[in-house]
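[1] For reference, the sequence and a predicted model appear below.
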Amino acid sequence: MNRIEDARRAFLSKDKISAQKSHVQEVVHKSIHHKELHATSFNLPEIILGAQDGLVNVLGVILGVAAATLSSQIVIVAGLAATFAESVSMGAVAYTSKLAEADYYKSEYERERWEIENIPQGEKEEIRALYENYGFHGKILDEIIERITADKKIWLEVMMQQELKLEPVERKEALPASIIVGVSALIGSFIPLLSFFFFPIKLSIILSLITTSTALFGIGFYKAKTTTGKGLWQQGGEMMIIGMLSALVGYFIGSLFKVKVF
């Protein structure tokens with residue numbers, strides 16, 4: 001666990017002593033100077049993305065098929081097909097998205113470096129405008145500009161982080177992100193499908209709705225607890241309602257096209 005995560009935990013629990021420990025001079029300087037990134041081990045967005053997508057999409061598919069056929073076997077086949085297609089698709093999308101982010105960062109990095117080399121006065125004006133917005137003026141502003149632009153590496157980092165609001169994205173992060181999203185989608189997809197292996201179809205539909213809505217609520221609750229620490233029940237309820245409404249669309253579509261199974 002890094003300093004930022006320690007500080008986040010202290011904030012959520014309103015623990016002033018722990019918060020002070022994460023802001024001790026030695027700890028702060030060690031964190032900043034070693035380029036500690038608070039998001040490197042924070043995979044909550046990927047987990048939520050995969051799990052929520054798996055839950056909602058597969059529930060929509062199996063409810064639609066169940067309403068159309070009233071056959072547990074067909075529901076299971078359709079659900080399994082949707083489960084694995086969904087997890088592979090989500091993993092692939094996460095992989096390509098992360099690569100696209102990395103490529104975009106690299107292209108903007110190269111552009112800013114070229115501009116610093118070729119049109120330094122224009123880039124200095126951008127630094128000036130940035131720090132004027134922060135409330136610096138006169139001699140202090142001139143000193144800030146001089147110090148930043150004296151080191152091209154620092155100058156480039158300032159342009160990337162403060163002008164473009166971009167953080168470095170490594171291409172090697174793409175594979176772990178895709179695995180997290182894919183596995184989360186796989187696990188989430190099995191939750192609405194599980195009851196159809198053991199119970200009659202009508203009971204399975206009810207159980208699937210209950211387990212999926214509970215899982216969606218749990219995801220929203222956990223997300224709120226680990227981020228803001230507030231509105232736990234509200235965010236859990238919102239995620240459950242939005243997810244269930246999306247999935248129920250599949251049921252109503254399936255009910256319009258009932259198929260007899262012989």
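    Cool, got the structure.

[2] any chance you could map the helices in the stretch 1-150 of the chain?
    With DSSP state H, counting those that start in this stretch as the criterion, the stretch 1-150 of the chain has helices at 3-13, 16-21, 25-33, 44-69, 72-118, 120-133, 138-150.

[3] Tell me which of those lies nearest to G182.
    Smallest distance to G182 across the helices of the stretch 1-150 of the chain (CB to CB): 2.8 Å, for helix 72-118. No exception for glycine: its C-beta is placed from N, CA and C like everyone else's.

[4] need the helices of the stretch 1-150 of the chain in JSON lines with mean pLDDT and distance to S208, can you?
    Converted to JSON lines, the helices of the stretch 1-150 of the chain look like this (pLDDT from 0 to 100; distance: least, CB to CB, whole Å):
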{"stretch": "helix 3-13", "mean pLDDT": "63", "distance to S208": "33"}
{"stretch": "helix 16-21", "mean pLDDT": "70", "distance to S208": "42"}
{"stretch": "helix 25-33", "mean pLDDT": "59", "distance to S208": "46"}
{"stretch": "helix 44-69", "mean pLDDT": "78", "distance to S208": "6"}
{"stretch": "helix 72-118", "mean pLDDT": "87", "distance to S208": "9"}
{"stretch": "helix 120-133", "mean pLDDT": "86", "distance to S208": "52"}
{"stretch": "helix 138-150", "mean pLDDT": "91", "distance to S208": "58"}
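
[5] between those helices, which gets nearest to L216?
    In terms of CB to CB, the element of those nearest to L216 is helix 44-69, at 5.9 Å.

[6] what helices or strands is the closest one leaning on?
    Packing partners of helix 44-69 (3 or more CB pairs under 8 Å, 6 or more residues apart in numbering; DSSP states H and E): helix 72-118, helix 174-193, helix 201-226, helix 232-256.

[7] out of the ones you listed, deepest packed?
    Highest mean neighbour count among these (mean count of other CB atoms under 10 Å): helix 174-193, with a mean of 22.

[8] What is that one packed up against?
    Helix 174-193 packs on helix 44-69, helix 72-118, helix 201-226, going by 3+ CB pairs under 8 Å, 6+ apart.

[9] what's in contact with it?
    43, 46-55, 57-59, 62, 75-76, 79-80, 82-84, 86-88, 90-96, 98-99, 102, 208, 211-212, 215, 247 (CB atoms under 8 Å, 6 or more residues apart in numbering).

[10] how about JSON lines for the helices of the stretch 1-150 of the chain, with distance to G220 added?
    Output for these, formatted as JSON lines (distance: least, CB to CB, whole Å):
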{"stretch": "helix 3-13", "distance to G220": "16"}
{"stretch": "helix 16-21", "distance to G220": "26"}
{"stretch": "helix 25-33", "distance to G220": "31"}
{"stretch": "helix 44-69", "distance to G220": "9"}
{"stretch": "helix 72-118", "distance to G220": "19"}
{"stretch": "helix 120-133", "distance to G220": "36"}
{"stretch": "helix 138-150", "distance to G220": "42"}
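
[11] before we move on, the earlier item: CSV for the helices and strands packed on helix 174-193, including distance to M240?
    Shown next, in CSV, are the helices and strands packed on helix 174-193 (distance: least, CB to CB, whole Å):
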stretch, distance to M240
helix 44-69, 10
helix 72-118, 20
helix 201-226, 4
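
[12] Nearest to I253, out of these?
    helix 44-69 (5.3 Å).

[13] Could you give the separation of the closest one from the chain centroid?
    Distance of helix 44-69 from its chain centroid, counting by CA atoms, centre = their mean, to the nearest Å, is 17 Å.

[14] ok, K230 - contacts?
    Per CB under 8 Å, 6+ apart, neighbours of K230: A224.
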